[in-house]
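Chemist: Fold the following for me, if possible:
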Amino acid sequence: MSLKEQNEIIANELATFNARKSLAIAAIIIIAAFIMNFFLPEDPANFGALCTIPALLMIVYIFATKRIIEALTIGAVVGFIMCSSPGDNVLATFSESLLNTMMSEDIAWLIIVCGLMGGIISLIERSGGAYAFGQWASARAKTEKTALIWTWILGCIIFIDDYLNSMTVGSCMAPLTDKHKTPREMLAYVCDSTAAPLCVLIPITTWAVFCGRILVANGWQDGDASEVAMFVKTIPYNLYAWIAALIVPLVIIGVIPKIGPMKAAYKRVADGGPLAPEGSDKISILASDKEGEMEIPKNPHMFNFFVPIIVLVVATIIFDTDMEMGVLTTVAVMFVMYMAQNLMSAMEFWDIIIKGIQNMILPLMLMVMAFVFADMNETIGFTAWCIESATHVMTPATAPMIIFLVLACTEFITGTNWGMYVIALPIIIPLAINIGVSMPLVVGACISAGVFGSHICFYSDATVLTSAACGCDNFRHAFTQMPFGIMAAILSFIGYAIMGFVMA
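Modeler: Numbering: from 1, shown residues only. Here you go, the predicted structure:
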C-alpha cells in the first residue's frame, strides 16, 4: 500500500470519526457500571452469571466498532468497577493491573522475543534474503494454490513454537502470495492454522513442555513417566488441532470452498481492490507495507534468508525450546553474517533492529491489554464460574464434549490459551478422576479448546502476531478465518460426543 493510499485511509477515518458520540457511549457504559455496582454482591465469587457482563460488552463493542484495544480497555474497566467497593479508586485498580502486567515475566518475554523477531524480519528484508527467496520460490510456485501449499508446508516444518511459526512463515511468504494476488486474509489463515494446531500435535514444542508440566503438577502421572510422555497421551485426542490443520489444504485446493468473509476478500481483490484489508498497515511489520519498496543489495543471496531461520529454529531447540535464547543467538549470527558481507554498517544494522521493534508496538499493546482483560476476568472468576457451572451437568459420557464447548467459548472471550490451562486443568484433572472419565480424552478436549481460542479470538497472541507478520488487520483476519475455525470446532464437538459415549 502506497503512502498516498495510507494517508487517504487515515483522512477518511478522521472525517468519519465522531468524538462526541464515542465519548457519550463510553460515559454511558461507565456510569451504568457504577450504578450496577450498588446492586452486586460484595464478593466477586458470588457474582454468578453476572461475571459474563464485561466479556459480553467487549464482544458487542468489537463487532460494532472493530476497535479492539478500546474494547479490551472498556471491558476491563467495567469489570474492575463491578468488583470494587463504593469509594474505591477504580483508575488506581486498573493502573495496578496494567503495572503488574507490564512487570510480569510473560510480558517481558513477549517484548524481548516479539520485538527482536520484528528486527530479524526487517533485517532479512534489508539483506535481500527475502527478495532472493521470493524469486526462487516464484519459479517453483507458479500458481496461487502452489504458493499457498508451500506456505502450509513451511508452517508444518517450523513447528517448534507458534510465535516462531506465525511470524517467520507469514513474513517470508507474503511477497510470494502477493505476486499471485492472494488476499492477505487467506495468507494469515493458512499461517495461523499451522501454528498453534501443529504445536499441540508434536511433543517437542513449547506447548508440549508447558502443558506437560501442568499435567504432572496437578496429579496426573503414570509412575515415573516424564511430563512430555504424559502430554503425548493427549495428542490423539486433540481433535480441534488435527481437524483445523487438515482443513487448510482442503481449502487451498478447493475441496472446501472459500465462504463468507473470505469469499468477500477474494472478490475485493478480483475487483481491483487492495490485497490487504483497510487499516492493515497499522499492525503490519512488513517493510514494504510501512515504507514502500526497501532497498535491495545487488546480487541478493538466498542464504541470507535461510541461515537466520535455520539458526533461529536450531538455537531454540538447543536451548530447551527457549525462544528468547533463539532470537538473541540469531541476532548475533546475523550481525556477523551481514558485517562480513559488508551489506550494511553496524549503525544501520541496529537502526533496522530498532525499526523492527517499533513495528511491533501495536501488536504488543494489543497483547498487553488482552492480559489486563484476562486479569480482570480472573478477578471476577469468569473462567472458574463457567467450568463449575458446567460440572453440574457432566457425566462420564458428556464430560469431553461439555469441557470442549465451555472452554472453547471462554477462550474465544479471554484469548489466553496458556492462562486458561493454568485455571482449568487443576479443576478438570480431579474432576475426571472423580467421575471416572478417560483422562487423556478430557485433557485433550481442554487443550483443543485452548487452541480454538488461540486460533479464533480477535486479540489472542497468535491472531495478533500472525496478522502483524502477514500484514493483515487482526479483526479481518479473525473474522475471515472464523467460518473455518467454527467448522473445525463443530466437527471436534461431534468427535468428543462420540468418543465420550464410546469410552464411557
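Chemist: Below-threshold pLDDT in this structure: ranges please.
Modeler: Where the chain drops to pLDDT under 70, the residues are 1-19, 287-295, 504.
Chemist: And the longest helix along it, what does it pack against?
Modeler: Longest helix in the chain by number of residues (criterion: DSSP state H): helix 474-503. Packing contacts for helix 474-503, counted by 3 or more Cβ pairs under 8 Å, 6 or more residues apart in numbering; DSSP states H and E, involve helix 184-192, helix 239-253, helix 260-270, helix 399-414, helix 439-456, helix 461-470. Quick note: C-beta positions are derived from backbone N, CA and C, even for glycine.
Chemist: Could you check the angle the longest one makes with helix 239-253?
Modeler: Regarding helix 439-456 and helix 239-253, their directions subtend 40 degrees when assessed with axes from the mean of the first three to the mean of the last three Cα atoms, to 10 degrees.
Chemist: element containing Phe159?
Modeler: Assessed by DSSP states H and E, Phe159 sits outside every helix and strand.
Chemist: show me the contacts for the closest residue to it other than its chain neighbours.
Modeler: Sequence neighbours aside, Leu198 is the residue nearest to Phe159 in space, at 4.6 Å (criterion: Cβ to Cβ, 6 or more residues apart in numbering). Neighbour list for Leu198: Gly155, Cys156, Phe159, Asp162, Asn165, Thr205, Ala241, Ala245 [criterion: Cβ atoms under 8 Å, 6 or more residues apart in numbering].
Chemist: sorry, back to before: quick one: which of the helices and strands packed on helix 474-503 is nearest Ile68?
Modeler: Proximity to Ile68, assessed across the helices and strands packed on helix 474-503 by Cβ to Cβ, is greatest for helix 461-470 (8.8 Å).
Chemist: helices or strands up against the closest one?
Modeler: Helix 461-470 sits against helix 105-127, helix 162-179, helix 184-192, helix 361-379, helix 439-456, helix 474-503, with contacts defined as 3+ Cβ pairs under 8 Å, 6+ apart.
Chemist: Pick the most buried one from those helices.
Modeler: Comparing those by mean neighbour count (mean count of other Cβ atoms under 10 Å), helix 184-192 ranks first with a mean of 30.
Chemist: Which helix or strand lies directly C-terminal to that one?
Modeler: Using DSSP H and E, the next helix or strand after helix 184-192 towards the C-terminus is helix 196-199.
Chemist: Now do the helix or strand following that next one against helix 439-456, angle only.
Modeler: Next along the chain after helix 196-199, taking DSSP H and E as the criterion, comes helix 206-217. Orientation check (the same axes, to 10 degrees): helix 206-217 against helix 439-456 gives 140 degrees.
Chemist: how about helix 206-217: buried residues?
Modeler: By neighbour count with 16 or more other Cβ atoms under 10 Å, helix 206-217 contains the buried residues Thr206, Trp207, Ala208, Val209, Phe210, Cys211, Gly212, Ile214, Leu215, Val216.
Chemist: And that helix, what does it pack against?
Modeler: Applying 3+ Cβ pairs under 8 Å, 6+ apart, one finds that helix 206-217 makes contact with helix 196-199, helix 227-232, helix 417-435.
Chemist: please redo it, this time with the cut-off set to 6 Å
Modeler: Helices and strands touching helix 206-217, by 3 or more Cβ pairs under 6 Å, 6 or more residues apart in numbering; DSSP states H and E, are helix 227-232.
Chemist: CA-only coordinates of the helix it packs on in CSV, if you can.
Modeler: Output in CSV follows, covering the C-alpha atoms of helix 227-232 (Å, rounded to 0.1, in the frame of the first residue of the first chain):
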residue,chain,number,x,y,z
GLU,A,227,6.0,-34.6,31.6
VAL,A,228,6.3,-34.8,27.8
ALA,A,229,5.3,-38.5,28.0
MET,A,230,2.1,-37.5,29.7
PHE,A,231,1.4,-34.9,27.1
VAL,A,232,2.0,-37.4,24.3
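Chemist: what comes into contact with that helix?
Modeler: Pro203, Ala208, Cys211, Gly212, Arg213, Leu215, Val216 (Cβ atoms under 6 Å, 6 or more residues apart in numbering).
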